[in-house]
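S.K.: here is my input, please return the structure:
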Amino acid sequence: MNKTLTVEDLHVEFNTHNGTISAVDGVSFEVTPGEVVGLVGESGCGKTVTARSLVRLEDQGTITHGKIYFDGTDLTQAEDHVLERIRSTELASVFQDPSAALDPAYTVGEQVAEALRTRRTSSPQSVLRELVADMRLLSGASKSETAVLEFMAEAGIEQPEKWVNSYPHELSGGQCQRVLVAAAIARRPSLLIADEPTTALDTTTEAALLDRLDRLTESREMSMLFITHDFGVVAEVCDRIAVMYDGKIVERGAVDDLLSNPKHPYTKSLLHSIPQRSKPGTTLPSIAEDRQEHLERPPGCAFANRCPKSTDHCRETAQPSVSVSESHTVRCSVPDARAASARQLAGVSAQPTRTDVRTGDANGHTRRWNGGGHRSDTEGGDTRDDPVVEVSRVTKSFRHTESFVERFVGTAKSTTAVENVSLSLRSGQTMGLVGESGSGKSTLIELIAGLETPTTGTVQLNGELVGDIDSRTTVQRGEIGVVFQNHRQSINPRQSISEAIAEPLVEHGWNRERCQSRVETLLSEVGLPISYADRSPRQLSGGQLQRIAIARALALRPSVVLLDEPTASLDASTQAAVLNLLGSLLSEHGLAYIIVTHDLAVVRHVSDHIAVMQEGQFAETGPVEEVLSNPTHSHTRTLLNAIPGEKTEATASLVRNS
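M.R.: Numbers count the residues shown, from 1 in each chain. Predicted coordinates:
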């Protein structure tokens, strides 16, 4: 059988009350056995719709044209029982949001076991192969549980026996993501479709998972379609890459060839937006936003409105595929655009701006960042002496009530998520909080926000002791703004953008007129038109929704903003724009930030101080440059050594300087 995936001229449309939207427009590519193909592009470009359409899971979307061949079958015409067989035996998927993919009513072990049970085969050869491979599953439930534990360990879940009987809500986001990978590889697929499988993972877990996936593609002769916005990951695992923009593939080629010699203005601009280690705190180049409304896809290049080298011809004419090399093609007919440097194409340049905010560190040195501005080390400082947030020797333990007897006699075990942690943050400062998945970062944020109560220790806001959210005064509740990790899930899809931003204002008793005025001010501050107030969340891109989440967090003029993975799901250019925005808001409002992230490049770019968490404790803390340049703790060194994409950083530097 031919295990190659071949996609030919795929078109996918959605019918909405505003008309028909074309999400995928003529996409073609193939993935051969043992090959890893990367599909990259910004939020909303059609990557996920393409992936879900391959396995016919995009229920609301309609494949209007094109073919998808796998194992000799056209999946666009296949009957349901044929699709079910192929999904169970040959195609496996790992989609981006584990909270939506995992069933909250079943333990994670049961869900991995279900993947084993649903693998069905039809040919005698396949039956024999599976019987030989799975004899251990035929000898009893204990053997089946052993197999589940093996697959969980293979996906990177440490001590799987500790988690096998846990429910999804008891695991961190990164652990849930690894459960999805375990369920996928348990099927022993010929092709794995992985949609942002490492987005929620820290660097060490990400490196381990990428290594496991790489070994799986070799040992199992498995191929993979790897969808991501992270060029570092692409450089690490992929053989070929396809860059998508507005439903089309605009550039494709072998990874080394394309990354070292990008030709499409969009690809160059994405690489140009990656934070530079050598220039932390400077304005990140980002692609100018397309402010025009597109009721219909333009006849020519969709990127033309954002490209300074565009011509009337390329705006009005479908772009041909131009050969760069034997393994590299680009859809751009304008020689000047293909030859232009990234600096000529960027919306901004990485230069200091006129204003800055000074932030102090423990040694009396100050740094400057306005996201856009310049950060430097100088003597003195003008931050407030009194901390806006002070956490003193905080510990948080959770009790597990595993059975009725344990609940009755009070012998349930407990897990310590945060142990004896202290921190202090002043106005104008930014602290980066990093660590492996499950290290206690999110719990610490919840303790500061009042969503959890410390088992021992204290939390102070502006010098006042505070408890959980219900015990805090109206003023104290307004001192904290929170930007959650999943911006789409944190915003009610039934609300308008205006209602979403105004939600905390309404909770604090603001009237309609005052709310409207504040919403308009906030939209302006985060760089969005006031007309967006009447839109629904589904009409906005990921980057625009993240700006809305930031606006809502600022609604009550807080002293400190807690940001949980604020750029994890964003492409390089959108990430740059959001980081620039956060920096300018820090300067304008004298805020303090605590940023939880697994991206050490982001931490280096925006933070004054860094705290590295391991097993609920601070393993290492200090000024960010000192810690990242000269780490003293082995865990910090491990995180740094696991960063993917050294090749991409070098490539991005070449692109910037070209």
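S.K.: please count neighbours and contacts with C-alpha atoms only from this point.
M.R.: Noted.
S.K.: so where's the stretch 351-500 of the chain uncertain?
M.R.: 351-384, 400-412 (pLDDT under 70).
S.K.: quick one: the strands in it?
M.R.: 358-360, 365-368, 378-379, 389-399, 414-425, 430-435, 456-461, 464-466, 480-483 (DSSP state E, counting those that start in this stretch).
S.K.: just the stretch 201-350 of the chain next, same as before
M.R.: Using DSSP E, counting those that start in this stretch, the strands of the stretch 201-350 of the chain run over residues 223-228, 240-245, 248-254, 322-325, 328-330.
S.K.: in TSV: the strands of the stretch 351-500 of the chain, plus distance to P320 and mean neighbour count.
M.R.: Converted to TSV, the strands of the stretch 351-500 of the chain look like this (distance: least, Cα to Cα, whole Å; neighbours: other Cα atoms under 10 Å):
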stretch	distance to P320	mean neighbour count
strand 358-360	50	27
strand 365-368	46	22
strand 378-379	53	12
strand 389-399	56	18
strand 414-425	54	17
strand 430-435	45	27
strand 456-461	59	18
strand 464-466	62	15
strand 480-483	42	23
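S.K.: nearest to V603, of these?
M.R.: Between V603 and the strands of the stretch 351-500 of the chain, the tightest spacing by Cα to Cα is seen for strand 430-435, at 5.5 Å.
S.K.: who does that closest one pair up with?
M.R.: strand 592-596 (parallel), strand 609-614 (parallel) (DSSP bridges).
S.K.: A208 is nearest to which of those?
M.R.: strand 609-614 (16.9 Å).
S.K.: just the CA coordinates for that closest one, please, in PDB.
M.R.: Extracted C-alpha coordinates of strand 609-614, given in PDB (Å, rounded to 0.1, in the frame of the first residue of the first chain):
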ATOM      1  CA  HIS A 609      14.200  39.500  36.800                       C
ATOM      2  CA  ILE A 610      13.700  35.800  36.300                       C
ATOM      3  CA  ALA A 611      12.600  33.000  38.700                       C
ATOM      4  CA  VAL A 612      13.200  29.400  37.600                       C
ATOM      5  CA  MET A 613      10.700  27.000  39.300                       C
ATOM      6  CA  GLN A 614      11.300  23.300  39.900                       C
END
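S.K.: check the offset of that strand from the chain's centre.
M.R.: Chain-centre distance of strand 609-614: 20 Å, with Cα atoms, centre = their mean, to the nearest Å.
S.K.: quick one: contacts of that strand?
M.R.: By Cα atoms under 8 Å, 6 or more residues apart in numbering, the residues outside strand 609-614 that reach it are 361, 430-436, 439-441, 603, 618-624, 627, 635-636.
S.K.: how much does that strand deviate in direction from strand 414-425?
M.R.: 170 degrees (axes from the mean of the first three to the mean of the last three Cα atoms, to 10 degrees).
S.K.: model confidence over the helix or strand following strand 609-614, on average?
M.R.: Later in the chain than strand 609-614, the nearest helix or strand by DSSP states H and E is strand 617-623. In this model, strand 617-623 carries a mean pLDDT of 95.
S.K.: who's in contact with strand 617-623?
M.R.: Against strand 617-623 from outside (Cα under 8 Å, 6+ apart): 361-362, 418-421, 439-440, 608-613, 627, 632-633, 635-636.
S.K.: if we go to 7 Å?
M.R.: Residues from elsewhere that reach strand 617-623 (Cα atoms under 7 Å, 6 or more residues apart in numbering): D361, V418, E419, N420, V421, D608, H609, I610, A611, V612, M613, H633.
S.K.: pairing partners for that strand, with directions?
M.R.: strand 609-614 (antiparallel).
S.K.: related to what we said a few turns ago, turn the strands of the stretch 201-350 of the chain into TSV, including distance to Y593 and mean neighbour count.
M.R.: Formatted as TSV, the strands of the stretch 201-350 of the chain follow (distance: least, Cα to Cα, whole Å; neighbours: other Cα under 10 Å):
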stretch	distance to Y593	mean neighbour count
strand 223-228	27	26
strand 240-245	33	24
strand 248-254	37	24
strand 322-325	45	14
strand 328-330	41	23
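S.K.: out of the ones you listed, the one nearest K67 is which?
M.R.: Using Cα to Cα, these put strand 248-254 closest to K67, at 15.7 Å.
S.K.: residue ranges with poor pLDDT in the stretch 1-150 of the chain?
M.R.: Residues of the stretch 1-150 of the chain meeting the criterion pLDDT under 70: 1-2, 17-18, 58-59, 119-143.
S.K.: for it, just list every one of the helices.
M.R.: Taking DSSP state H, counting those that start in this stretch as the test, the helices found in the stretch 1-150 of the chain are 47-54, 80-89, 98-101, 108-117, 124-133, 141-154.
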